[in-house]
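Student: following is a predicted model, sequence given first.
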Amino acid sequence: MHEEKVIAIIAAYNEADRIAATVNAVKQVSGIGRILVVDDGSSDGTGDVAEKAGAEVLRLSKNMGKGNALQQAISGVTEDVVLFLDGDLGDCASEASKILGPVIGGDADMVVADFPKAKKAGGLGFAKGLGRWGIKKFTGVVMGEPLSGQRAVRTAYIKDLRFESGYGLEVGMSIDVLRRGCRVIEIPVNMTHRETGRDFKGFVHRGRQFLDIMKVIVRRLLNSAS
């Protein structure tokens, strides 16, 4: 029987304070053969810290954004399954076993992590709602956590995808793989990462999210019409 090969790809930008804990937690997840941290033009030594923690590091000379960073990484992947994780998860990255298991076991082609409710008040749900609407519009599938970046997926479904460069990355990926017949499920995990609050910076962040997701949806509407 073919043994599934798994690579964990962690996009990180200025995460020197958390990346070591994230890498060490991922090491605890059974079945992962390679851990690759994409240092997206960090200025705080994130790549060096990740390397010392035992990860392979792909260093980008300038900040390209998460989608472009992951695109650079995926081009060289030969493993059967890719586990995408964020660099700021810290110790809770060990929870990735919950989303990896069903893919390796053949119960799903992509598993998305469903985070617990945020500890502090966040946005009003517009970006998440738009992402959920867009995915349903194109695929008929209703996702609870359309913006979650923690996901395990069979490489065959994403190898030749054009990843979105902004905050629409996950929505675009979900639409594209579902349209290819990918079996997608969501599983609750006890993960946390940096949260944005209801302050000016938080609302700016969510405004950019909303606009990026809108661009993803419009692009696919135009492609469908052409």
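Tutor: Received it, and whenever you're ready, just let me know what you need. Residues are numbered from 1 along each chain as shown.
Student: can you give me the end-to-end span of stretch 11-18?
Tutor: Across its full length, stretch 11-18 reaches 12 Å between end residues, using Cα to Cα, to the nearest Å.
Student: avg pLDDT for that stretch?
Tutor: What stretch 11-18 shows for mean pLDDT is 96.
Student: what strands line up against the longest strand along the chain, and which way round?
Tutor: Identified as the longest strand of the chain according to DSSP state E is strand 32-40. In the sheet, strand 32-40 lines up against strand 6-12 (parallel), strand 56-60 (parallel) (DSSP bridges).
Student: after the longest one, which helix or strand is next? Please name it.
Tutor: Note on strand 6-12: by DSSP states H and E, the next helix or strand toward the C-terminus is helix 19-27.
Student: do the same with the last one
Tutor: Once strand 56-60 ends, the next helix or strand along the chain (criterion: DSSP H and E) is helix 66-74.
Student: tabulate the strands paired with strand 32-40 in a markdown table, adding columns for mean neighbour count and distance to Gly129.
Tutor: Any C-beta I mention is one placed from the backbone N, CA and C, and that applies to glycine too. Putting the strands paired with strand 32-40 into a markdown table (neighbours: other Cβ atoms under 10 Å; distance: least, Cβ to Cβ, whole Å) gives the following:
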| stretch | mean neighbour count | distance to Gly129 |
| --- | --- | --- |
| strand 6-12 | 25 | 25 |
| strand 56-60 | 17 | 32 |
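Student: nearest to Asp86, of those?
Tutor: Nearest of the strands paired with strand 32-40 to Asp86, taken as Cβ to Cβ: strand 6-12 at 6.9 Å.
Student: sorry, back to before: how far does the longest strand of the chain sit from the chain's center?
Tutor: Distance of strand 32-40 from the chain centroid (Cα atoms, centre = their mean, to the nearest Å) equals 13 Å.
Student: for that strand, list every residue counted as buried.
Tutor: Ile32, Ile35, Leu36, Val37, Val38, Asp39, Asp40 (16 or more other Cβ atoms under 10 Å).
Student: now stretch 92-106
Tutor: Using 16+ other Cβ under 10 Å as the test for burial, stretch 92-106 gives 92-104.
Student: okay, the buried residues of strand 32-40 in TSV with pLDDT and distance to Lys215 next?
Tutor: Below are the buried residues of strand 32-40 laid out as TSV (pLDDT from 0 to 100; distance: Cβ to Cβ, whole Å):
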residue	pLDDT	distance to Lys215
Ile32	97	33
Ile35	98	31
Leu36	98	28
Val37	98	28
Val38	97	23
Asp39	96	26
Asp40	95	20
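Student: quick one: stretch 56-64 to chain centroid distance?
Tutor: Relative to the chain's own centre, stretch 56-64 is displaced by 17 Å; criterion: Cα atoms, centre = their mean.
Student: need the contact partners of it.
Tutor: Applying Cβ atoms under 8 Å, 6 or more residues apart in numbering, the contact partners of stretch 56-64 are 13, 34-42, 47, 50-51, 69, 72-73, 165.
Student: hmm, 6 Å instead?
Tutor: Outside of stretch 56-64, the residues within contact range by Cβ atoms under 6 Å, 6 or more residues apart in numbering are Leu36, Val37, Val38, Asp39, Asp40, Gly41, Gly47, Ala50, Glu51, Ala73.
Student: what does stretch 36-48 give?
Tutor: With Cβ under 6 Å, 6+ apart as the test, stretch 36-48 has contacts from 9-16, 19, 50, 55-60, 62-64, 69, 73.
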